[in-house]
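Visitor: just the structure for this:
(one chain, ligands or ions: 1)
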Amino acid sequence: MRHIYIFLISLLFIFCLYKQSGGTMEKINLMKSLEDNETDITDSITSYDQDGRKSIIELYKVQLELKNKYGWEMEEIFTEEILLENKQVLLLSANCLKTLSKGPALWVISGIHGEEPAGPNAITENIEIFAKLDKKGIPVVLLPLCNPLGYYKNWRYPNTPEYSETIPGHSVGDSEHLLPDKSEQARSKVPSSTESDAFTKKVLELSNEYPPVIVLDFHEDNLLEKGYIYSQGPLGIEDPAATKIVDLFLENNFPIHLSGKTRFNEDIKGGIISGVQDGSIDELLSAKKIILNGTLIEGPSAKSVIVIETSSMNTVLSERIKVHSKIMSIIEDLWDLYR
Ligand SMILES: [Zn+2]
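Guide: Numbers count the residues shown, from 1 in each chain. Purely as a prediction, here's the structure:
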């Protein structure tokens, strides 16, 4: 009998602890607070801004503009948590935005790596370009800030709080668990993180209603003196969308490596690298075959998948945003190559 009393008292104690922690750990979803105009909360949020990047609030407001002013659909893919000094937990959502018109689509991805702000900032500055594509009836999937916590604190990966010598970093877009190896088995048994699990699931779900035709994934690299372009689609270095982007770099005197090797020892030909199997979301979007639940099935098979890598080593953010914005300004021409 005594044991039962001790057991019940222990249960009560655990319950009280649980209630107490729940009381102090209020969770605030930033996007929802913005939607509800809760300015007392949103005004107190400060994200990393030492490189002059826009605040995460400004980025979210423009996502909301696409939804509320231009009628795009917005869905939350996953949320990442950050504990604020006042003990509140802030939830930062990675969202997808899509046009109401469905069908073979143009996809734009940015902010996979948190320390690469040029793409997310350029999208925020050029929202009218995307609204115009929609007005012309072009189906678009926009994944504008794929690692919001990374952007908030200027760190690359979601699985490590900061740089780590011992823990390998995993990207939001890691897709090895869906990509086949030579023996047609998934390269990894499980997703690299809960974020990459949710993200790749959403990408495959979207691929059904908005089959990717051309994908632009905006990245940067702070260990590069000059940029280059990855072409992950079937045309590789012959992809006209990739060559158009290289031409744009050259015309505008944006630094680009036209030949030699990348820092991963890949060959650069005319500013373009192809044939790379890096297990990324880009490889997934171009994959003809993928592994889902142990079965080999048709993949998204995009015709053109371009990964833009601008150099952030010696170039200030405002200049890098210009490069990304220039590419966005020819986005309809790129789409026309494949429509
Ligand atoms: Zn990157």
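
Visitor: only C-alpha atoms from now on, for both contacts and neighbour counts.
Guide: Will do.

Visitor: which ones are touching Ser329?
Guide: Neighbour list for Ser329: Ile129 [criterion: C-alpha atoms under 8 Å, 6 or more residues apart in numbering].

Visitor: how about the residues of the stretch 201-339 of the chain by the ion?
Guide: Taking C-alpha under 5 Å from the ion as the criterion, the stretch 201-339 of the chain approaches the ion at residues His219.

Visitor: show me where the stretch 201-339 of the chain has helices.
Guide: Here the stretch 201-339 of the chain has its helices, by DSSP state H, counting those that start in this stretch, at 240-251, 281-286, 317-329, 331-336.

Visitor: so which of those is nearest Asn222?
Guide: helix 317-329 (11.1 Å; C-alpha to C-alpha).

Visitor: per-residue confidence at whichever residue of the stretch 1-150 of the chain sits closest to the ion?
Guide: For the stretch 1-150 of the chain, the residue closest to the ion is His113, as judged by C-alpha to the ion, at 4.9 Å. Note for His113: predicted pLDDT of 96.

Visitor: quick one on the thing from earlier: turn the helices of the stretch 201-339 of the chain into JSON lines, including mean pLDDT.
Guide: Shown next, in JSON lines, are the helices of the stretch 201-339 of the chain (pLDDT from 0 to 100):
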{"stretch": "helix 240-251", "mean pLDDT": "97"}
{"stretch": "helix 281-286", "mean pLDDT": "98"}
{"stretch": "helix 317-329", "mean pLDDT": "97"}
{"stretch": "helix 331-336", "mean pLDDT": "98"}
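
Visitor: deepest of those helices, which one?
Guide: helix 281-286 (a mean of 26; mean count of other C-alpha atoms under 10 Å).

Visitor: can you show me the CA trace of that helix as PDB?
Guide: The C-alpha trace of helix 281-286 is given here as PDB (Å, rounded to 0.1, in the frame of the first residue of the first chain):
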ATOM      1  CA  ILE A 281      17.500  18.900 -52.700                       C
ATOM      2  CA  ASP A 282      18.700  19.900 -56.200                       C
ATOM      3  CA  GLU A 283      19.700  16.400 -57.000                       C
ATOM      4  CA  LEU A 284      16.400  15.200 -55.700                       C
ATOM      5  CA  LEU A 285      14.400  17.600 -57.900                       C
ATOM      6  CA  SER A 286      16.300  16.500 -61.000                       C
END
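
Visitor: report all helices and strands that it contacts.
Guide: strand 212-221, strand 304-311 (3 or more C-alpha pairs under 8 Å, 6 or more residues apart in numbering; DSSP states H and E).

Visitor: which residue comes closest to the residue of the stretch 151-300 of the chain at minimum distance from the ion once chain neighbours are left out?
Guide: Relative to the ion, the nearest point of the stretch 151-300 of the chain is His219 (4.3 Å; C-alpha to the ion). Distance criterion C-alpha to C-alpha, 6 or more residues apart in numbering; nearest residue to His219, sequence neighbours excluded, is Glu309 at 4.9 Å.

Visitor: hmm, back to that, what about the residue of the stretch 1-150 of the chain closest to the ion, neighbour count?
Guide: Counted with other C-alpha atoms under 10 Å, the neighbours of His113 add up to 27.

Visitor: OK, contacts around it?
Guide: Counting by C-alpha under 8 Å, 6+ apart, His113 has contacts Cys146, Asn147, Gly150, Tyr151, Trp155, Arg156, Tyr157, Ser171, Val172, His219.

Visitor: re the thing from before, okay if I get the helices and strands packed on helix 281-286 as CSV plus mean neighbour count?
Guide: Listed next are these as CSV, based on neighbours: other C-alpha atoms under 10 Å:
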stretch, mean neighbour count
strand 212-221, 25
strand 304-311, 26
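
Visitor: please convert those to a markdown table, extending it with mean pLDDT and distance to Pro234.
Guide: Formatted as a markdown table, these follow (pLDDT from 0 to 100; distance: least, C-alpha to C-alpha, whole Å):
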| stretch | mean pLDDT | distance to Pro234 |
| --- | --- | --- |
| strand 212-221 | 97 | 11 |
| strand 304-311 | 96 | 7 |
